[in-house]
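> Return a 3D structure for these sequence lines:
(chains A and B, ligands or ions: 2)
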Amino acid sequence: MKIVVPLKQVPDLVEDLELNDDGTGLDYEYLKMKLNEWDDHALEEAILTKEAGDAEVIAVALDGEDVDKMLFTALAKGADKAVKITGANPYAGNHEMARVLANAISGMSPDLVLVGVQSAGDSDGWLAPLLAAHLGMPSVSVVTGLQVSGNTATVHKEYSGGIMAEFDVDLPGVIGIQAARQTPRYAPVSKVRQIQQSATIEEVAAGDLGDVVTSTVEEMKHPEKGGGAKMLSDVEEIVEVLKEKGVA
Amino acid sequence: MGDILVVAEHLNGQLDEATFELIGMANGLGNTVVALIGGTDEMVSQLGAASKVVKVDAAADFNPETYGAALGAVADAVNPQVVLTTGSSMGMELANSLSAQKSWPLAVAATGVSANGSVKAEAALFGGKIIATTDLGSGPCIVAVVGGSAPADAGRKEGSPAVETVDAPAGAGKVHFKKLIMPESADVDITTKDVLVAIGRGIGSKDDIEVAEELAEALDAAVAASRPIIDAGWLPKSRQVGKSGLKVKPKVYIALGISGAPEHLEGMKNSSTIIAINSDKNAPIFDVAHYGMVADLFDVVEELTEALD
Ligand SMILES: Cc1cc2nc3c(=O)[nH]c(=O)nc-3n(C[C@H](O)[C@H](O)[C@H](O)COP(=O)(O)OP(=O)(O)OC[C@H]3O[C@@H](n4cnc5c(N)ncnc54)[C@H](O)[C@@H]3O)c2cc1C
Ligand SMILES: Nc1ncnc2c1ncn2[C@@H]1O[C@H](COP(=O)(O)O)[C@@H](O)[C@H]1O
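Ligands and ions are numbered 1, 2, ... in the order given. Okay, here's the model as predicted:
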């Protein structure tokens, strides 16, 4: 069983997000980046699946700032192999990213590709279904439960109000993970450093992208403030509001 | 303008509110055609605000693979300029599937759409911290719209428009529906409470939920939560507010350490009064809250609980 997990870095949303000079995107030069939290769940689910049976977990990422550290961290957590795709734009939209990843992943002949259901900043779709289309594989997204048995993955897809559906997916397939069975594990810095000294990251070239369907982000801005919340400065004022609304 | 194809959505035998929101939006853009996959005649009779309904007689099994194949066939029959889907679990699958099948450009997380020559979508990205405008060209194209982005009443009208039936092509047959799983019954029904004390990742640890519980007790409220709290297993799913959780409309919603991601706002932005406490002055929750305080929630909550006792 071979499980491929694409990993992507996204801006840390707790920080201020600076825009580029022409206001068409973020200014990535000064952004603090971190692993997309849903990719972390996909990686966790892959490692748990490996621990429950017998699988090889391959972490894949587009080359970019701090990507080596992200991949070594994935190895420290339990991935078996790390692959870096060179010559592609790590900030590209998901249609382009799906094409790049499909080129690299198809040669790996995976049984299962686990992808974070979404990432902060997705503007042109979800990676999992777009990647699945290029790979000619079935896919289901918004999955919180995954059980692999032979050539079948049994998944729970979430709808609203806590309603879910169970599907069997014939493998190979691509699953968009919403949440792993347990909180993603943490890799201690010492272990990452140790891995960094012994492990190597394989490199593959992005290859030909052909025609990629795009929608163009022509403007990005911060939401307009004002009209928003009346800001309070002490607890007394909150009590006042609660009294006024008749709940305290 | 060409036709606007709205993909209706239903679950558990009922049309989703978002369907009416989309029809209202679409009517502002052009001629509205509604695609209903796996739905009933009773549902068709609620789609009077559309000019036409295309019905696909597929099993109501919400299988993204078969629904995707069906939507591809509908798109061939209708040849729309814009396809609008919801931003839900199913709506997003269909939007992506159609984009992949037809090579039509797609914009997601949209809160508004315009079509003057070229189709443009406005979207809330990066957890709601950035507003982006996307150009989708002159069409055909696809836009997935966040629930609650337009009034549902504008798209709600009884009566059945002309109905055309399209045969569902077989999908690839690799995804098999087994069953729907209904939520377990809850100890507390957060949808009926006048006051909710909602906690987010800012609460930090499971043990600290206690301070929120004490505040809730002082207000005869229930504790609700954002998704990460549920995913961590700290509270049951029945306490989750948002897109994949419950929609709530209490008199007062107190958001503690919740950033205000669009998926959370979908579940609570219609609360009568929203009070948000967050240490990040730029947290998007302050854009929908009526009252806000930039502070460490722990500093505020204990003092507040004491003041109420
Ligand atoms: C398909 C899908 C469905 C989803 N459905 C839902 C859903 O139903 N409900 C939902 O909530 N989310 C949902 N999400 C997740 C959503 O995208 C966000 O990840 C989530 O809402 C973030 O939760 P949060 O605000 O608690 O955490 P964060 O975004 O991490 O925010 C934590 C906030 O706490 C603040 N903070 C930290 N410490 C303190 C402190 N001591 N005092 C005060 N403030 C502090 C920070 O400034 C920050 O703003 C869904 C996602 C997907 C992909
Ligand atoms: N859970 C994780 N799994 C893999 N890589 C991670 C994880 N958390 C952080 N990283 C990466 O480690 C680097 C430092 O992360 P941090 O300092 O935690 O923000 C960044 O390159 C992150 O993308």
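> Pairing partners for the helix or strand containing B:G112, with directions?
For B:G112, the element it lies in under DSSP states H and E is strand B:106-116. Take DSSP bridges as the rule and strand B:106-116 pairs in its sheet with strand B:118-125 (antiparallel), strand B:141-145 (parallel).
> which stretches of chain A form strands?
A:2-6, A:9-11, A:33-35, A:56-62, A:81-86, A:112-116, A:139-149, A:152-158, A:164-170, A:173-177, A:202-205, A:216-221, A:230-231 (DSSP state E).
> Adding mean neighbour count as columns, could you present those in JSON lines?
Glycine gets a C-beta too; all of them are placed from N, C-alpha and C. Formatted as JSON lines, those follow (neighbours: other CB atoms under 10 Å in any protein chain shown):
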{"stretch": "strand A:2-6", "mean neighbour count": "25"}
{"stretch": "strand A:9-11", "mean neighbour count": "23"}
{"stretch": "strand A:33-35", "mean neighbour count": "19"}
{"stretch": "strand A:56-62", "mean neighbour count": "24"}
{"stretch": "strand A:81-86", "mean neighbour count": "20"}
{"stretch": "strand A:112-116", "mean neighbour count": "29"}
{"stretch": "strand A:139-149", "mean neighbour count": "22"}
{"stretch": "strand A:152-158", "mean neighbour count": "21"}
{"stretch": "strand A:164-170", "mean neighbour count": "21"}
{"stretch": "strand A:173-177", "mean neighbour count": "28"}
{"stretch": "strand A:202-205", "mean neighbour count": "13"}
{"stretch": "strand A:216-221", "mean neighbour count": "17"}
{"stretch": "strand A:230-231", "mean neighbour count": "12"}
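> So for ligand 1, which of those strands sits nearest?
Closest approach to ligand 1 among the strands of chain A is made by strand A:139-149 (5.1 Å; CB to the nearest ligand atom).
> which residues touch that closest one?
The contact list for strand A:139-149 (CB atoms under 8 Å, 6 or more residues apart in numbering or on different chains) reads A:1, A:45, A:49, A:53, A:112, A:114, A:117, A:126, A:128-129, A:131-132, A:153-159, A:164, A:167, A:169, A:171, A:173-179, A:181, B:64, B:89, B:92-93, B:175, B:244.
> hmm, back to that, please determine whether the strand holding B:G112 lies in contact with ligand 1.
No. No part of strand B:106-116 sits near ligand 1 under the criterion CB under 6 Å from any ligand atom; the closest distance found is 10.2 Å.
> rewinding a little: list, out of the contacts of strand A:139-149, those positioned next to ligand 1.
A:117, A:178, B:244.
> could you redo those residues as a markdown table and give each row neighbour count and distance to B:V252?
Shown next, in a markdown table, are those (neighbours: other CB atoms under 10 Å in any protein chain shown; distance: CB to CB, whole Å):
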| residue | neighbour count | distance to B:V252 |
| --- | --- | --- |
| A:V117 | 25 | 32 |
| A:Q178 | 24 | 30 |
| B:S244 | 24 | 24 |
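> Any chance of CSV for those, columns pLDDT?
What follows is these, written out as CSV (pLDDT from 0 to 100):
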residue, pLDDT
A:V117, 98
A:Q178, 98
B:S244, 93
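> closest to ligand 1 among the residues you listed?
Relative to ligand 1, the closest of those is B:S244; by CB to the nearest ligand atom it sits at 3.9 Å.
> Verify the stated contact: the closest one with A:Y159.
Yes. Contact between B:S244 and A:Y159 holds when scored by CB atoms under 8 Å: they sit 7.3 Å apart.
> Pass me the low-pLDDT residue ranges in the chain, would you?
Defaulting to chain A. Scanning chain A for pLDDT under 70 picks out the ranges A:226-227.
> You answered for a different chain; I wanted chain B.
Residue ranges of chain B with pLDDT under 70: B:1.
> which stretches of the stretch 201-309 of chain B form strands?
Assigned by DSSP state E, counting those that start in this stretch, the stretch 201-309 of chain B shows strands spanning B:222-225, B:252-256, B:273-278, B:291-294.
> for chain A, what's the longest helix?
Ranked by residue count under DSSP state H, the longest helix found in chain A is helix A:37-52.
> how far off strand A:139-149 does it point, in degrees?
Here the directions of helix A:37-52 and strand A:139-149 differ by 20 degrees (axes from the mean of the first three to the mean of the last three CA atoms, to 10 degrees).
> how about the residues of chain A that lie near ligand 1?
A:14, A:117-118, A:142, A:178.
> Against B:S226, how distant is the spatially most central residue of chain A?
Nearest to the geometric centre of chain A sits A:D39, at 3.2 Å (CA atoms, centre = their mean). According to CB to CB, to the nearest Å, A:D39 stands 19 Å off from B:S226.
> Contacts only, for B:I199.
B:209, B:212, B:223-226, B:229, B:256-258.
> can you list the domains in chain B?
Taking automatic domain parsing as the reference, chain B has its domains at B:3-166, B:190-308.
> could I get those domains as a markdown table with distance to A:G136?
Output for those, formatted as a markdown table (distance: least, CB to CB, whole Å):
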| stretch | distance to A:G136 |
| --- | --- |
| domain B:3-166 | 11 |
| domain B:190-308 | 29 |
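> I'd like the ones you listed as CSV, with distance to ligand 2 appended.
Converted to CSV, those look like this (distance: least, CB to the nearest ligand atom, whole Å):
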stretch, distance to ligand 2
domain B:3-166, 16
domain B:190-308, 14
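> Those domains: which one's closest to A:L31?
The closest of the domains of chain B to A:L31 is domain B:3-166. By CB to CB, the value is 10.3 Å.
> Report the backbone C-alpha coordinates of stretch B:193-200 in PDB.
Extracted C-alpha coordinates of stretch B:193-200, given in PDB (Å, rounded to 0.1, in the frame of the first residue of the first chain):
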ATOM      1  CA  LYS B 193     -30.800  28.500  23.800                       C
ATOM      2  CA  ASP B 194     -31.200  32.300  24.200                       C
ATOM      3  CA  VAL B 195     -27.600  32.700  25.100                       C
ATOM      4  CA  LEU B 196     -24.600  30.800  23.800                       C
ATOM      5  CA  VAL B 197     -21.000  31.000  25.100                       C
ATOM      6  CA  ALA B 198     -19.000  29.800  22.100                       C
ATOM      7  CA  ILE B 199     -15.300  28.900  22.400                       C
ATOM      8  CA  GLY B 200     -12.700  28.600  19.700                       C
END
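> Which positions in that stretch come out as buried?
B:193, B:195-200 (16 or more other CB atoms under 10 Å in any protein chain shown).
> hang on, the earlier thing: so which of the strands of the stretch 201-309 of chain B is nearest chain A?
Chain A lies closest to strand B:291-294 among those, at 3.4 Å (CB to the nearest CB).
> Contacts only, for residue 11.
Reading this off chain A. By CB under 8 Å, 6+ apart, the neighbours of A:P11 are A:17, A:26, A:28, A:31-34, A:120-121, B:126.
> that's the wrong chain, I meant chain B
So B:L11 contacts A:159-160, A:163, B:62, B:90 (CB under 8 Å, 6+ apart).
> which one of those residues has the most neighbours?
If you count neighbours using other CB atoms under 10 Å in any protein chain shown, the busiest of those is B:M90, which has 26 neighbours.
> so when I look at that residue, I'm seeing a helix, right?
Yes. Checked against DSSP: H, G, I helix; E, B strand; the rest coil, B:M90 lies within a helix.
> Let me have the strands of the stretch 201-309 of chain B in JSON lines, extended by mean neighbour count.
Converted to JSON lines, the strands of the stretch 201-309 of chain B look like this (neighbours: other CB under 10 Å):
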{"stretch": "strand B:222-225", "mean neighbour count": "28"}
{"stretch": "strand B:252-256", "mean neighbour count": "28"}
{"stretch": "strand B:273-278", "mean neighbour count": "25"}
{"stretch": "strand B:291-294", "mean neighbour count": "21"}
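> where does the residue lying closest to B:G68 once chain neighbours are set aside fall, phi/psi-wise?
Closest residue in space to B:G68, ignoring its immediate chain neighbours: B:S97 at 3.3 Å, by CB to CB, 6 or more residues apart in numbering or on different chains. Main-chain torsions, B:S97, degrees, to the nearest 10: phi -60, psi -50.
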